[in-house]
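1. Got a predicted structure here, sequence first:
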Amino acid sequence: CLKNKLSVKARTEKMKIMADCKSTSKFLCVLIILFGTTLHFTLNNRGEKLNLPSSRVYNVPQVASELQASDIIYHTRKNARNYIPVVNEEYKTVFFFIGKCAASEWKRMFVRLMGSPKWCARWIHKKEVNGLKWLDEFPIEEAQQMMTDPEWTRAVFVRNPKDRALSAFLDKAISHSDNFVTQVCSTYGGKGHDHQACVDHHLDFEFFLQNITTAIPENVHWMTIYDQIDAKWWPYINYVGYMENLSEHAEDFLRSIVSNIDGVSAWDRCGKTGWSSDERDCEAEGTSPFLKKHDKRHETDAHDKLREYYTPELEIFAEDRYANDFDNPYFEFSSVELFPHTQDT
């Protein structure tokens with residue numbers, strides 16, 4: 001879209017130059033035409049470079065939103081897992097971690113970018129362990145500037161809700177069954193629901209999707225992504241990457257953010273090598289690029305198992321349950337229709 005706009009502009013300018021040639025000396029006219037042609041190709045080439053594999057929002061609103069202390073992205077909470085983004089001042093980046101969208105791996109990357117040896121620590125989500133700087137730690141005036149300045153990158157990685165919900169189930173309910181019963185079922189019962197039903201049916205994806213995700217919608221692993229950021233701030237997110245192209249988009253994103261100290265990209269500094277399939281092994285000198293290998297503690301292969309767990313009814317339920325993720329102008333998920341949708345469904 002941007003490329004087309006640039007091309008039209010270039011062609012328009014070239015037509016104006018050609019028209020002016022009628023009242024200009026031939027020698028000067030030739031110079032003007034050569035300049036116009038150069039401008040045309042330069043603008044087109046710029047458009048091609050901006051045609052990235054991930055979705056970006058280029059136009060920051062002219063009237064800036066005002067950051068409030070009560071905003072989701074700034075409101076301080078005591079729990080370790082919340083919706084406040086991390087801030088890296090050296091790379092002028094605000095990054096939003098989303099559960100089941102490689103959040104653990106991204107936290108390790110940002111800890112590593114700080115030069116901290118704790119990037120491989122066990123409890124990476126705890127603030128006292130990761131040592132990251134968060135948006136709510138800055139005065140509201142500075143945070144406002146970070147969220148509106150076009151020179152800053154505000155990034156998030158998102159995932160198709162059908163994949164993400166199944167991945168949350170396979171990881172939390174299946175792979176960590178005991179913890180799920182102890183923690184999630186206790187929360188489910190504490191909200192006035194049948195605790196024993198959760199214990200008895202927690203390995204049932206239908207029960208998980210229809211009961212757990214609706215009774216505990218605020219859990220970061222299956223909460224609607226769109227609702228984790230205030231609606232007024234979505235237009236300022238200028239980098240959106242997708243889990244379905246995770247390694248490619250991760251590389252593209254890390255190449256796009258550059259140190260304001262030495263001009264080195266995050267990819268060259270920490271991304272292109274030094275990673276293994278065990279994110280907690282501090283002694284492992286991995287040689288793989290970031291996110292080329294998935295940590296087996298979180299890997300669920302959910303996308304390959306969609307038809308194994310979903311039914312036509314559950315697919316429709318998921319589309320309704322996650323309507324805010326499917327129907328907004330900022331996400332461009334690839335179409336995943338597991339079963340034919342009829343007028344009745």
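-> That came through fine.
2. Alpha carbons only: can I get the helix or strand where A250 lies in CSV?
-> For A250, the host element (DSSP states H and E) is helix 246-256. Listed next in CSV are the C-alpha coordinates belonging to helix 246-256 (Å, rounded to 0.1, in the frame of the first residue of the first chain):
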residue,chain,number,x,y,z
LEU,A,246,8.0,-16.4,14.3
SER,A,247,11.7,-16.9,13.4
GLU,A,248,11.5,-14.8,10.3
HIS,A,249,9.6,-12.0,12.0
ALA,A,250,11.8,-12.1,15.1
GLU,A,251,14.9,-11.6,12.9
ASP,A,252,13.3,-8.8,11.0
PHE,A,253,12.2,-7.0,14.2
LEU,A,254,15.6,-7.4,15.8
ARG,A,255,17.4,-6.1,12.7
SER,A,256,15.1,-3.1,12.8
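3. for the helix or strand just after it, the distance to its chain's centre please.
-> Counting by DSSP H and E, the next helix or strand C-terminal to helix 246-256 is helix 266. How far helix 266 lies from its chain's middle: 17 Å, per Cα atoms, centre = their mean, to the nearest Å.
4. any idea of the mean pLDDT in helix 266?
-> Across helix 266, pLDDT averages out at 98.
5. before we move on, what about stretch 137-149?
-> Mean predicted confidence for stretch 137-149 is 97.
6. what's next to that stretch, contact-wise?
-> Under the criterion Cβ atoms under 8 Å, 6 or more residues apart in numbering, residues 60, 64-67, 69, 73-74, 87, 92, 94, 135-136, 152, 154, 233, 236 lie in contact with stretch 137-149. For the C-beta atoms, the positions are set from N, CA and C on the backbone; glycine is no exception.
7. Buried only: go through those for me.
-> Of the members of the contacts of stretch 137-149, the ones counted as buried by neighbours, 16 or more other Cβ atoms under 10 Å, are 65, 67, 73-74, 87, 92, 94, 135-136, 152, 154, 233, 236.
8. mind listing what's buried in the helix holding A250?
-> Quick answer for helix 246-256 (16+ other Cβ under 10 Å): 246, 248-254, 256.
9. what are the ranges of the strands in the stretch 1-150 of the chain?
-> 86-88, 93-96 (DSSP state E, counting those that start in this stretch).
10. Which one of these lies nearest to G192?
-> Ranking the strands of the stretch 1-150 of the chain by distance to G192, with Cβ to Cβ as the measure, places strand 93-96 first at 31.4 Å.
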